[in-house]
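>>> Sharing a model prediction with you, sequence too.
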Amino acid sequence: MADAPCPFSEVDGPPLHAQCRLRVGFGDGTVGFLERARAGDLSAYEGLVAEHRDAVYGLALRFTRSEADAAEVTQEVFLRAWRALAELPTEERFGAWVRRVAANQSLSRLRHRKVASQVEVPPQGPEFTERGTLIDEVPDGARDAEGLSLDAELGRAIELASDALPEAHRQVFLLKDVDGLSYEEISEITGESVPAIKSRLHRARLAMRAAIDRFYRDGDNI
Amino acid sequence: MPVDSCKDAIELLLGYLDGELGPDVVSKLEQHFGGCAPCEEFLKAYRATPQLCKKALAAKMPQAMADSLTGFLRGALKKS
Ligand SMILES: [Zn+2]
């Protein structure tokens, strides 16, 4: 069936090409939620929402720091996504789209919210000697350099450290490293240039790393 | 771009991991890593940071909220 017409077919239409089935997100031959939702199947759409709602809610919650706002953003995103399904032929595109809209909605809520301006501390990175040599204060073997394990206390330390980042750094770090958006998408959302975003991301990662290293060095008192 | 110190090397980590540095800078950088254990260790740690933070900051929508999301969508989409 390789050269037959497929481009993601229709429900009850000809079967999908194997490579297209993979792109749609299902390698096992079953007709996926996305395809059925695109054909108007509301219960399939609920399945699709269930697969993506934690990512959308999590993004909105981290951004707005409000469960109520995050719940509303999630509703709005999936309401709009239903109407945009025609333009979202793959689950990958769907996932990227809902994240992007969630970020835009969350940011606009933040901008409208009156927040007492906090004193922002510049992000702190690793320490160097006067000659620029790295001072490695974590005892050998104490650091789980590959970062494969995550316990509750380290998780808490990471939350506190990300909360302490200056807001613009925090947003870039969350969108890139936690939510997986591209530099270009982040640039569209925040209005910053890509080089500025990369610079903030680097500072934020250094600060996060420094906080994680402090955790390994000092135990849980960050 | 000179790589004379750890500070220089660490400044270039993002570009290095994104594959955006020229071959001459990459080779200077890798030479530094090869001869500097703290930087080599730092590189590993820096590279692992996003994944670790992603795990730590993941959130799950509470079940009650997920149920009301479903209810909301059913109401809104059946009307449309
Ligand atoms: Zn070094």
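Nice, I can see it.

>>> Tell me the residues on chain B that lie near the ion, please.
Residues of chain B lying close to the ion by C-beta under 5 Å from the ion are B:Cys6, B:Cys36, B:Cys39. From N, CA and C alone the C-beta is placed, and that goes for glycine too.

>>> Not counting sequence-adjacent ones, nearest residue to B:Phe72?
Spatial nearest neighbour of B:Phe72, chain neighbours left out: A:Gln75 (5.1 Å); criterion: C-beta to C-beta, 6 or more residues apart in numbering or on different chains.

>>> okay, now the one you found: neighbour count?
18 (other C-beta atoms under 10 Å in any protein chain shown).

>>> ok now the longest helix belonging to chain B, how far from the chain's centre?
Counting by DSSP state H, the longest helix found in chain B is helix B:37-57. Put simply, helix B:37-57 sits 8 Å off its chain's centre (C-alpha atoms, centre = their mean, to the nearest Å).

>>> Next: stretch A:153-172.
Stretch A:153-172 sits 14 Å away from the centroid of its parent chain (C-alpha atoms, centre = their mean).

>>> looking at chain A, which helix or strand does the model trust least?
Within chain A, no helix or strand scores below helix A:18-24, which has a mean of 51 by mean pLDDT, DSSP states H and E.

>>> who's in contact with the longest helix of chain B?
Residues outside helix B:37-57 that contact it (C-beta atoms under 8 Å, 6 or more residues apart in numbering or on different chains): A:58, A:62, A:126, A:134-136, A:143, A:145-148, A:150, A:154-155, A:158-159, A:162, A:173-174, A:176-178, A:205-206, A:208-209, A:212-213, B:6, B:9-10, B:13, B:17, B:32-34.

>>> Repeat that for stretch A:163-175.
Identification of contacts with stretch A:163-175 by C-beta under 8 Å, 6+ apart yields A:59, A:62-63, A:103, A:107, A:120-123, A:162, A:181, A:185-186, A:189-190, A:192, A:197, A:200-201, A:203-205, A:207-208, A:211, B:53, B:57.

>>> returning to what we had before: among the residues of chain B next to the ion, pick out the one closest to A:Glu35, please.
Nearest to A:Glu35 among these: B:Cys39, at 49.0 Å, using C-beta to C-beta.

>>> what about chain B, any weak spots by pLDDT?
B:80 (pLDDT under 70).

>>> same thing but 80
For chain B, residues meeting the criterion pLDDT under 80 lie at B:1, B:79-80.

>>> Can you report how many residues neighbour B:Gly22?
Residues within reach of B:Gly22, counting by other C-beta under 10 Å, total 10.

>>> quick one: it from B:Gly15, how far?
Noted for B:Gly22: a distance of 10 Å to B:Gly15, by C-beta to C-beta, to the nearest Å.

>>> Quick check: mean pLDDT of the helix or strand hosting the residue nearest to B:Phe72?
Assessed by DSSP states H and E, A:Gln75 sits inside helix A:67-84. If you average the pLDDT over helix A:67-84, you get 97.

>>> Let me see the residues that make contact with that helix.
A:37, A:45, A:49, A:53, A:56-57, A:60-61, A:63-64, A:88, A:94, A:97-98, A:101-102, A:105-106, A:109, B:61, B:65, B:68-69, B:72-73, B:76-77.

>>> which ones among these are found in helices?
Filtering the contacts of helix A:67-84 for helices - DSSP H - leaves A:37, A:45, A:49, A:53, A:56-57, A:60-61, A:63-64, A:94, A:97-98, A:101-102, A:105-106, A:109, B:65, B:68-69, B:72-73, B:76-77.

>>> Next, the buried residues of the helix holding A:Gln75.
For helix A:67-84, burial by neighbour count (16 or more other C-beta atoms under 10 Å in any protein chain shown) applies to A:Asp69, A:Ala70, A:Ala71, A:Glu72, A:Val73, A:Thr74, A:Gln75, A:Glu76, A:Val77, A:Phe78, A:Ala81, A:Trp82.

>>> farthest-separated two in those?
The widest separation within those, taken as C-beta to C-beta, falls between A:Asp69 and A:Trp82 and amounts to 20.9 Å.

>>> Nothing else from me, thank you.
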